[in-house]
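In: can't give you the sequence, but here's the structure:
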Ligand SMILES: [Zn+2]
């Protein structure tokens, strides 16, 4: 194994040019990229940590939808009212999604108060049943942010509810074939990526979509989102043999591989 091979298989991870549809056993059933649903606590998380995945799937012939559980309005700077900032976040998200060819939808729970309960879980379950994604990307649990933690738990249970035939809702059951967790600076505890996605073809467009948010360039806070996520994509690319890459962590429940030979 030379250094390049080592880099491309670092940590046993796989490097992919697209997330393809697969069966519940992880066997690819189609080379057509499927529908990806990104579910984020706040719109910025959706675009900065999951937007490249959406854009990449769409560019390969798949479809993408972003569900934000809140508007992230409490990140407002002192000179902008919280309500107005929330609407700015909504507008930025709609513009960003349009640029990427994705759909943007919202559940307007209060920022910093996204609840993990039966109501929020069923609301996300209904969204999954309505939009029928093949793949979901959401927050990893190792976060200091309570909204991110709750989003992780909501999605975990919503995926289960969505597939449960005997749980009667307005729409029929839908099974999601894969769940991935996004590489987020706020969700870094015990985040171990195992999938690297080539995002070079859509890198510039993804950067433009993030630029709709004032927070992207540090105008509303201290964190340099643009520098962090643009350089992270280079670092992840170095490890996977791509120019720019996004690293994802698959759900532990879907890591079992079935094979009749090695
Ligand atoms: Zn967030």
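Out: Structure received. Note that this is a predicted model, so its numbers are computed, not measured.

In: tell me the contacts of the residue of the stretch 1-150 of the chain found nearest the ion?
Out: Across the stretch 1-150 of the chain, the shortest distance to the ion (Cβ to the ion) belongs to residue 42, at 3.7 Å. From N, CA and C alone the C-beta is placed, and that goes for glycine too. Shown in contact with residue 42 (Cβ atoms under 8 Å, 6 or more residues apart in numbering): 68, 69, 70, 71, 72, 75, 89, 111, 147.

In: try it again with 7 Å
Out: 68, 70, 72, 111, 147 (Cβ atoms under 7 Å, 6 or more residues apart in numbering).

In: which of the residues you listed has the most neighbours?
Out: The most crowded member of those, judged by other Cβ atoms under 10 Å, is residue 72 (28 neighbours).

In: Could you measure from that one over to residue 157?
Out: 23 Å (Cβ to Cβ, to the nearest Å).

In: Residue 201 too?
Out: Applying Cβ to Cβ to residue 201 and residue 157 gives a distance of 35 Å.

In: likewise residue 71?
Out: 23 Å.

In: Compare those two and say which is more crowded by neighbours.
Out: Taking other Cβ under 10 Å, residue 71 and residue 157 do not tie; residue 71 has more neighbours (25 against 16).

In: Give the phi and psi angles for the more buried one, as a check.
Out: phi -90, psi 0 (degrees, to the nearest 10).

In: How about the contacts made by it?
Out: Per Cβ under 7 Å, 6+ apart, neighbours of residue 71: 43, 86, 89, 90, 106, 108, 111.

In: 8 Å instead?
Out: 42, 43, 86, 87, 89, 90, 106, 108, 111.

In: Look up the closest residue to it, ignoring the ones flanking it.
Out: Counting by Cβ to Cβ, 6 or more residues apart in numbering, residue 86 is the residue found nearest to residue 71 once chain neighbours are left out, at 3.9 Å.

In: list the contacts for that neighbour?
Out: Taking Cβ under 8 Å, 6+ apart, one finds 71, 72, 73, 76, 111 in contact with residue 86.

In: The ion contacts on the stretch 1-150 of the chain?
Out: Residues of the stretch 1-150 of the chain lying near the ion by Cβ under 5 Å from the ion: 41, 42, 45.

In: ok, those vs residue 101, which is closest?
Out: residue 45 (19.6 Å; Cβ to Cβ).

In: Just the element for the closest one, please.
Out: helix 43-59 (DSSP states H and E).

In: Partner strands of the following helix or strand past that helix, with direction?
Out: Next helix or strand after helix 43-59 toward the C-terminus (DSSP H and E): strand 63-68. Note on strand 63-68: by DSSP bridges, its sheet partners are strand 35-40 (parallel), strand 103-106 (parallel).

In: Contacts for strand 63-68, please.
Out: Counting by Cβ under 8 Å, 6+ apart, 34-43, 46-47, 50-51, 53-55, 57-58, 93, 97, 100-107, 124, 127, 131, 133 sit against strand 63-68.

In: repeat that for 6 Å
Out: 35-40, 43, 46, 54, 57-58, 97, 102-106, 127, 131 (Cβ atoms under 6 Å, 6 or more residues apart in numbering).
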